[in-house]
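Chemist: only geometry, no sequence info:
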């Protein structure tokens, strides 16, 4: 007969404990683009971003488009002694998955394709629900939670530095040309940075609570 | 600033409140799950130090083969060579790309070693209640979380080179087992840093005076 549903106790909505040191604060309305820092440890506790749903949704959709188009277009073209080889990211990851060290391919596939795509997809889903005024079911809240958890594991930006280092490393051995997917990848990184700037997680959680 | 006016002067735990780790809603200690997001409520991350030590040890152990085993093998007409992390950096420096060599060295050697030292120091300090400055510890932790993922650069370099340079007998690059060990080392060190509950740093601080 015991119920496993959450106990219906009204959360102390006017309070905020610092996520980093647990110091308790009274929540205060912020002016646009302001952030509330913890009085004890200085960590940013919450932010206020005007129109966070609209702006973050636009940036998320842009990110998804950039990521998907990067996958199929040629990323780099290598030419040496009349032999050309042009690869897309999917080709690259695929050829690694079927090489002797398959784990490397799996790693790369997760860090630059699957995790970023999953994170962006979850975020887009949550923002769409809020945008269209749908009800925030447990699934929506779980989706937002996972979108947050996956954030540091989406490594599109680190990958870009890896690509640049590779280009310099083999510039003596062969001619390399940058393909359209490279530029689209840079678009992905810029759009992802914009998500970070426009997204106020605290505002989103409050809105998810109200629906 | 807003922070000073809203300061209550006590931690949530000290007055019997629990803040949700996921959505940060504050609840009374008796609540089992967060009413906002459904997450199980915990005042502190359970087994924070045990988890940190376990992940950290795996990270450190994986770093040894990562440096001994070759991370990639280059084959060309009539020859082949194997590179380790360090020999790769030296080769880059010798070819004149000092700056790029430095980037790879920082990402593959400096950042992992700094993270090993900082996470070990933080875990020991929490365990033995050393009187370190909370602000310093807090900053060190934030730093390790920030720089950790950038260690992956070398993994991507090997992946790109191996995927791209497949010109048959003329020139081909294959990944070596060292790079997988390195990737594991980075992942586990990230998990170790993430397992430290920074609230524990401040819990020890009782008298603010």
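Modeler: Perfect, I can see it now. Computed from a prediction, not measured in an experiment: that's the story for all the values here.
Chemist: domain assignment for chain B?
Modeler: By the assignment in automatic domain parsing, chain B contains the domains B:1-43, B:47-203.
Chemist: what pLDDT, on average, does the shortest one get?
Modeler: By that I understand domain B:1-43. Average pLDDT, domain B:1-43: 84.
Chemist: on that earlier part again, rank the domains of chain B by mean pLDDT and give me the bottom one.
Modeler: Lowest mean pLDDT within the domains of chain B: domain B:1-43, at a mean of 84.
Chemist: can you tell me if it touches chain A.
Modeler: Yes. In terms of Cβ under 8 Å from any Cβ of the partner chain, part of domain B:1-43 sits within range of chain A, namely B:1-8, B:10-13, B:15, B:17, B:19, B:21-28, B:30-39, B:43. C-beta: built from backbone N, CA, C; applies to glycine.
Chemist: pull out the buried residues from those residues.
Modeler: Buried by 16 or more other Cβ atoms under 10 Å in any protein chain shown: B:2-3, B:6, B:11-13, B:17, B:19, B:21-27, B:31, B:33-39, B:43, out of the residues of domain B:1-43 next to chain A.
Chemist: let's see which of those residues end up in strands.
Modeler: Secondary structure from DSSP state E places B:11, B:17, B:19, B:26, B:27 of those in strands.
Chemist: and of the domains of chain B, who's closest to residue A:28?
Modeler: Ranking these by proximity to residue A:28 (Cβ to Cβ) places domain B:1-43 first, at 5.2 Å.
Chemist: tell me how far the closest one is from the chain's mean position?
Modeler: Chain-centre distance of domain B:1-43: 27 Å, with Cα atoms, centre = their mean, to the nearest Å.
Chemist: distance of the closest residue to chain A within chain B from residue A:162?
Modeler: Proximity of chain B to chain A (Cβ to the nearest Cβ) peaks at residue B:156, 2.7 Å away. As defined by Cβ to Cβ, to the nearest Å, residue B:156 lies at a distance of 3 Å from residue A:162.
Chemist: again with residue A:52
Modeler: Distance of residue A:52 to residue A:162, computed by Cβ to Cβ: 32 Å.
Chemist: longest helix of chain B?
Modeler: Looking across chain B with DSSP state H, the single longest helix is helix B:48-68.
Chemist: can you check chain A too?
Modeler: Longest helix in chain A, counting by DSSP H: helix A:52-72.
Chemist: looking at residue A:52 and residue A:162, which one has more neighbours?
Modeler: Set side by side, residue A:52 and residue A:162 show more neighbours around residue A:162, with 26 against 20, by other Cβ atoms under 10 Å in any protein chain shown.
Chemist: is it true that the more buried one touches residue B:161?
Modeler: No. Contact between residue A:162 and residue B:161 fails when scored by Cβ atoms under 8 Å: they sit 9.6 Å apart.
Chemist: what segments of chain B are strands?
Modeler: Counting by DSSP E, residue ranges of the strands within chain B are B:7-11, B:17-19, B:26-28, B:72-76, B:79-83, B:171-175.
Chemist: report the angle between the axes of the last one and strand B:79-83?
Modeler: For strand B:171-175 against strand B:79-83, the angle between stretch directions is 30 degrees (axes from the mean of the first three to the mean of the last three Cα atoms, to 10 degrees).
Chemist: angle of strand B:171-175 against strand B:72-76?
Modeler: 160 degrees.
Chemist: okay, now residue B:100: neighbour count?
Modeler: By the criterion of other Cβ under 10 Å, residue B:100 has 21 neighbours.
Chemist: show me the contacts for it.
Modeler: Residues in contact with residue B:100 (Cβ atoms under 8 Å, 6 or more residues apart in numbering or on different chains) are A:165, A:168, A:169, B:92.
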